[in-house]
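1. One predicted model, sequence on top.
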Amino acid sequence: MNLCVSRARRQHKSEADVPLAAEPVDFGHLRRFTLGDKHLEAEILGLFLAQVPITIATLKRAETDGAWYVAAHTLKGSARVVGARRLALLATQAERLAGISDPDACRMMVCMLEEAAEEAQAFVGSLKYKARCGT
């Protein structure tokens, strides 16, 4: 855990710190969403993996409350689709921030979003690796 995230957690205790699932991504949710279509699951996961860093970068660059909200809302939607519940919950909290007028809160939120995104991305990556290996 990086220093930024550690400090953010101490300062911002919330329901996001409570584990929501055993894994960072609920593949059962994704399978229900895709009706079990493995190709569609792979496509959605690929889009998720590509889009999350871009959306978090957009949050970091947000210069208006509206830009912050749109990026947080986008992140929430992508996280919900793949079943990344912790990331979706944090993105929901990011939507509710007063906006960019509180830069410390925004930086703290971005740190927590980055940590949750890294967990989800690593988890998805490890499963893709296992699938390629046939395990």
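-> Ah, there it is. The structure presented is a predicted model; accordingly, all values stated were derived computationally and were not measured.
2. In contact with I44, which residues?
-> 30, 33-34, 81-82 (C-beta atoms under 8 Å, 6 or more residues apart in numbering). Where you see a C-beta, it was placed from the backbone N, CA and C, and this is true even at glycine.
3. change it to 7 Å
-> 30, 34, 81-82 (C-beta atoms under 7 Å, 6 or more residues apart in numbering).
4. Would you reformat the residues you listed as JSON lines and include secondary structure?
-> JSON lines is the format used below for these (DSSP: H, G, I helix; E, B strand; the rest coil):
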{"residue": "L30", "secondary structure": "helix"}
{"residue": "T34", "secondary structure": "helix"}
{"residue": "V81", "secondary structure": "helix"}
{"residue": "V82", "secondary structure": "helix"}
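5. most neighbours, which of these?
-> Within the contacts of I44, most neighbours by other C-beta atoms under 10 Å means V82, with 26 neighbours.
6. Quick check: the gap between that one and A105.
-> For V82, the distance to A105 equals 26 Å [C-beta to C-beta, to the nearest Å].
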